[in-house]
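> structure of the sequence below:
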Amino acid sequence: MHQPLSSSFSLGILGGGQLGKMLCQAAARWDITTHVLDPDPKAPASTVATHFISGSFRDYQTVIEFGQKVDMLTIEIEDVNLQAVEELAASGIPVFPEPDCLKLVTDKGKQKLFYQENQLPTANFKLYENAEEIRAAIQKQELKLPFVQKLRKTGYDGKGVLLVTKLSELNQLFDAPSVVEDYVEDAKEIAVIASRNQKGVMLVYQVVEMVFNTKANLVEYLLSPARIPSKTAAHAQNLALDIMKRLNHTGLLAVELFIDKTDQLLINEIAPRPHNSGHHTIESAITSQYEQHLRAILGFPLGSTASKIPAVMVNLLGTEGYSGPVKYDGLDKALDIPGASLHIYGKKHTRPYRKMGHATIVDTDVEQALIKAKALQNILKVIT
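This is a model prediction of the structure:
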């Protein structure tokens, strides 16, 4: 393998969305040649990658041919061809996250079984093959409402998740293999990102608090630090490090958790890659999550995860009622807000609740940052 800090070193990235774009931007600072594979020829990373290839990261042969041309392979999305990734790793090409980790994480059922087998706290659950099995379990009183159904595979950004609170909603069930878990009522949702390099050294970022858009079921605001007791934050960080160690995973691991009404922590989901819950680190942490991912997979010392300043990140979502070529209305006023930094992803078309960018607002007080973030959200509209 070539010396990584050289333009002759090629890093392959499966997926060219906003995470891939920001990873390419971090790699460019170190003169790393990036190769990105994504089915959308106008994907966000297409404008910043050294080499962009339009093709499916789910297709076996396409991934094999792509991986054979790079020195190292990583991802920005889990839904890639696992057989190809496994064969590339077996051939000697470094692949991060490791294939075994990817196989676990791409199946929410396997994730839940992993937590159960390792005595890690998570909401009670059962696995079902189809909607009829779930209805039968309710009829036998083996399953009670309310519950949350999650597709075992392919769900993302709130898609593939269904909250069932009454019997009349059973006709909406996904008819596919899924996890059905207890609904955690009145939960606060938090996230923490852990990092681990090739030598096994681990560090963890400050815990963040997530506020969700109830219509779209995706993150609207993210507060750093989370407004929780320090003891709870330390417990969440330790859980993230424990999971990272048990997975023997190299790179980043985003861990999303619930805090229930009794202040107990319950693991929701994990992602072994840069994550929406770490966008703010570009402005607010000493080392951004994107640089940290590179440090980890390239075998370098991890950077400091310390926070420089409190921050609130707000996802810039497509406005309801608008679908088509994107236009950003209110940029002047948004950029006039003290401490605000905008990240426009470069997606050419908007639709309701599509993630089109994000803004990070830094302030010495997180509550003041939140006030500014809400003001920015009211000012900046993603329309057509």
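
> so where is this protein shaky, pLDDT-wise?
1-7, 157-158 (pLDDT under 70).

> in it, which residue is closest to the centre?
residue 275 (3.2 Å; C-alpha atoms, centre = their mean).

> quick check: closest non-adjacent residue to it.
residue 254 (3.5 Å; C-beta to C-beta, 6 or more residues apart in numbering). All C-beta spots, glycine's among them, are computed from the backbone N, C-alpha and C.

> in the helix or strand containing that neighbour, what counts as buried?
According to DSSP states H and E, residue 254 maps onto strand 251-259. Buried residues in strand 251-259, defined by neighbour count with 16 or more other C-beta atoms under 10 Å: 251, 252, 253, 254, 255, 256, 257, 258, 259.

> parallel or antiparallel, list what pairs with that strand.
strand 188-196 (antiparallel), strand 265-271 (antiparallel) (DSSP bridges).

> residues near residue 84, how many?
Other residues within reach of residue 84, judged by other C-beta atoms under 10 Å, total 23.

> shouldn't it be within a helix?
Yes. According to DSSP: H, G, I helix; E, B strand; the rest coil, residue 84 belongs to a helix.

> what's the distance between it and residue 90?
11 Å (C-beta to C-beta, to the nearest Å).

> now do residue 125
Distance from residue 125 to residue 90, by C-beta to C-beta: 33 Å.

> A strand includes residue 61, no?
No. Judged by three-state DSSP, residue 61 forms no part of a strand; its state is helix.

> hang on, residue 260 packs against residue 182?
No. With contact defined as C-beta atoms under 8 Å, residue 260 does not count as touching residue 182 (9.8 Å).

> show me how far stretch 353-371 is from its chain's centre.
The chain centroid and the centroid of stretch 353-371 are separated by 17 Å, computed with C-alpha atoms, centre = their mean, to the nearest Å.

> for residue 47, which non-adjacent residue is spatially closest?
Closest to residue 47 by C-beta to C-beta, 6+ apart is residue 346, at 5.8 Å.

> how about residue 311?
residue 284 (3.8 Å).

> list the contacts of the one you found.
With contact taken as C-beta atoms under 8 Å, 6 or more residues apart in numbering, residue 284 is in contact with 224, 307, 308, 309, 310, 311, 360, 362.

> what does the top helix by length along the chain contact?
For the chain, the helix with the greatest residue count under DSSP state H is helix 230-247. Helix 230-247 is contacted by residues 101, 104, 114, 118, 120-121, 190, 192-194, 196, 202, 204, 206-207, 225-226, 253, 255, 257, 259, 263, 265, 267, 270, 272 when judged by C-beta under 8 Å, 6+ apart.

> next: stretch 109-123.
So stretch 109-123 is contacted by 103-105, 125, 127, 152, 177-179, 181-182, 184, 239, 242-243, 246, 258, 264-270 (C-beta under 8 Å, 6+ apart).

> ChimeraX command for the buried members of the residues you listed?
Listed next is the ChimeraX selection for buried residues among the contacts of stretch 109-123, using 16+ other C-beta under 10 Å:
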select :104,105,125,127,152,177,178,179,181,182,184,239,243,258,265,266,267,268,269,270
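
> can you name the farthest residue from the center of this structure?
Using C-alpha atoms, centre = their mean, the residue of the chain lying farthest from its centre is residue 140. It sits 36.9 Å away.

> OK, contacts around that residue?
Residue 140 neighbours (C-beta under 8 Å, 6+ apart): none.

> quick thing: my sequence starts at 136, can you match it?
With 136 as the first residue, the last one maps to residue 275.

> returning to that earlier point: what's the neighbour count on the residue nearest to residue 182?
Residue 481 has 18 nearby residues by other C-beta under 10 Å.

> what residues are up against it?
156, 179, 182.

> so how far is residue 373 from it?
38 Å.

> residue 272 contacts residue 282, doesn't it?
No. Between residue 272 and residue 282 there is no contact under C-beta under 8 Å: 9.9 Å.

> tell me which of those two has more neighbours.
Legend: neighbour count by other C-beta under 10 Å for residue 272 and residue 282, higher for residue 282 (22 against 16).

> quick check, the more buried one in contact with residue 320.
No. Counting by C-beta under 8 Å, residue 282 sits too far from residue 320 to count as a contact (11.4 Å).

> could you list the buried residues of the longest helix of the chain?
So, applying 16+ other C-beta under 10 Å, buried residues of helix 365-382: 367, 368, 370, 371, 372, 374, 375, 376, 378, 379, 382.

> among the residues you listed, which one sits closest to residue 175?
residue 382 (29.9 Å; C-beta to C-beta).

> show me what the spatially closest residue to residue 224 that is not a sequence neighbour bridges to in the sheet.
In this structure, residue 224 finds its nearest non-sequential neighbour in residue 230, 4.2 Å apart by C-beta to C-beta, 6+ apart. As for beta bridges, residue 230 partners with residue 208 under DSSP bridges.
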